[in-house]
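A.B. asks: Have a look at this fold, sequence not included:
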């Protein structure tokens, strides 16, 4: 069972669509942990409404904003599934996203992370561009994978929002409270055998 989490702070503008896209996945055997980082908008009401309607949702609200890194890490530490996926409050997943990533990881035990291609959308949901970081890092040698990762240092860090083997993620330092820490987390994953 994959475990998905959404980190949110004042995400009311996009949160409904993001949560609906998770709940409407073709793969349905998951738990969704939503961790609210002390939002001051309508995020709490939105999350509580979803949690009351779907038993797969666990909603946790912090009493103070401790920063995104803390929130991301805490939600992972509460996870118990074989696979884990972070999701931002403004990410909309294609319906087969989790199923396709899950099937790929199940079929390829040496792969630690799988994520889809990305479409960039505007605030109205209109596609504005296609983002391809060309991060297909399937080399057997971890040093070769790391070299390719750093050479292709992507402008976006979409891979961190892929489906990840929980045991591999536990061997990283998770997300740090500093700029570009998601790249360090990915580098730790890329270097694993």
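C.D. replies: Happy to help now that I have it. Quick caveat, the model's predicted, so the values are computed rather than measured.
A.B. asks: just the strands in the protein please.
C.D. replies: Per DSSP state E, the chain carries strands over the ranges 2-8, 31-36, 57-61, 83-88, 113-114, 118-121, 127-131, 163-165.
A.B. asks: For the residue located most distally from the centre of the chain, give its distance to residue 191.
C.D. replies: Largest separation from the mean C-alpha position in the chain: residue 141, at 25.6 Å (C-alpha atoms, centre = their mean). Residue 141 sits 10 Å away from residue 191, going by C-beta to C-beta, to the nearest Å. Just so you know, the C-beta spots here come from the backbone N, C-alpha and C atoms, and that holds for glycine as well.
A.B. asks: Over to residue 76?
C.D. replies: 19 Å.
A.B. asks: These two: who's more crowded?
C.D. replies: residue 76 (22 against 15; other C-beta atoms under 10 Å).
A.B. asks: Could you measure from the more buried one over to residue 101?
C.D. replies: In this view, residue 76 and residue 101 are 17 Å apart by C-beta to C-beta.
A.B. asks: can you check residue 13 too?
C.D. replies: Distance from residue 13 to residue 101, by C-beta to C-beta: 26 Å.
A.B. asks: and if you look at residue 80?
C.D. replies: Separation of residue 80 from residue 101 (C-beta to C-beta): 19 Å.
A.B. asks: Who has more neighbours out of the two?
C.D. replies: residue 101 (23 against 9).
A.B. asks: I figured the more buried one hits residue 112, correct?
C.D. replies: No: judged on C-beta atoms under 8 Å, residue 101 makes no contact with residue 112 at a distance of 11.8 Å.
A.B. asks: Quickly list what the spatially most central residue of the chain is bridged to.
C.D. replies: Relative to the mean C-alpha position of the chain, the nearest C-alpha, by C-alpha atoms, centre = their mean, is the one of residue 86, at 2.2 Å. For residue 86, the residues forming beta bridges with it (DSSP bridges) are residue 5.
A.B. asks: Just the pLDDT at it, thanks.
C.D. replies: What the model reports for residue 86 is a pLDDT of 94.
A.B. asks: With residue 147 instead?
C.D. replies: The model reports residue 147 with a pLDDT of 69.
A.B. asks: for this structure, what are the low-confidence residue spans?
C.D. replies: Applying pLDDT under 70 to the chain picks out residues 1-8, 132-134, 136, 145-147, 149-156, 193.
A.B. asks: could you pull out the helices for it?
C.D. replies: Using DSSP state H, the helices of the chain run over 12-23, 43-53, 68-77, 97-107, 142-151, 166-170, 181-190.
A.B. asks: and of the ones you listed, who's closest to residue 120?
C.D. replies: For residue 120, the closest of the helices of the chain is helix 12-23, at 13.7 Å, according to C-beta to C-beta.
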